[in-house]
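Novice: got a predicted model here, sequence first, then my questions.
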Amino acid sequence: MNIEQLKQKMADLVTEMQGKGVKTPRAQVAIVDSGEDYVHIGCHYNQKIFGGSDYAIIHGDTLPEAISAAFTFIASMTSPEDAVKYEYLTRVASAIDYATENALPEEYVAPLRGVSTAMTENLLTHRKAGAA
């Protein structure tokens, strides 16, 4: 793989990350003498899209393996739509926890529980229908 091909692969990784809703995506490679090359992918510092972090390091025994693993990693990421739904449910759950911990009246908590239950059931039903 020459430098131009490598640059194109990094550009392709950035394009794939944009398709997953990653803000200001970046990709770079490291060829190390220890024999385990890696791809470093990242995004805007306040977007924790890579397992709670703003970056991920994907290793491979060779550079092509690391690049292939990076493409696989990005392909496995949730869609932007599902990421928004997941974030919403996380925030609703946090609000329910906060209300419960601080003994807020049930009249404030019940609507949130209803939203959480409905969204969860909808997501499960949608996934089952899509899997069939």
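Specialist: Here it is on my side, so go on.
Novice: can we go C-alpha only for contacts and neighbour counts from here?
Specialist: Fine.
Novice: sketch out the strands for the chain, chain order is fine.
Specialist: 26-30, 37-42, 55-60 (DSSP state E).
Novice: which of those strands sits most buried?
Specialist: Of the strands of the chain, the one with the most neighbours on average (mean count of other C-alpha atoms under 10 Å) is strand 37-42, at a mean of 22.
Novice: domain ranges for the protein?
Specialist: Domains of the chain are assigned by automatic domain parsing as 3-75, 80-131.
Novice: worst average pLDDT in the ones you listed?
Specialist: Per-stretch mean pLDDT for the domains of the chain is lowest at domain 80-131 (a mean of 79).
Novice: I'd like to know how far the residue sitting furthest away from the middle of the chain sits from Ala99.
Specialist: Distance from the centre of the chain peaks at Pro105, with 35.0 Å (C-alpha atoms, centre = their mean). Here Pro105 is placed at a distance of 8 Å from Ala99 (C-alpha to C-alpha, to the nearest Å).
Novice: wait, what's in contact with Cys43?
Specialist: Val22, Lys23, Thr24, Pro25, Arg26, Asp54, Tyr55 (C-alpha atoms under 8 Å, 6 or more residues apart in numbering).
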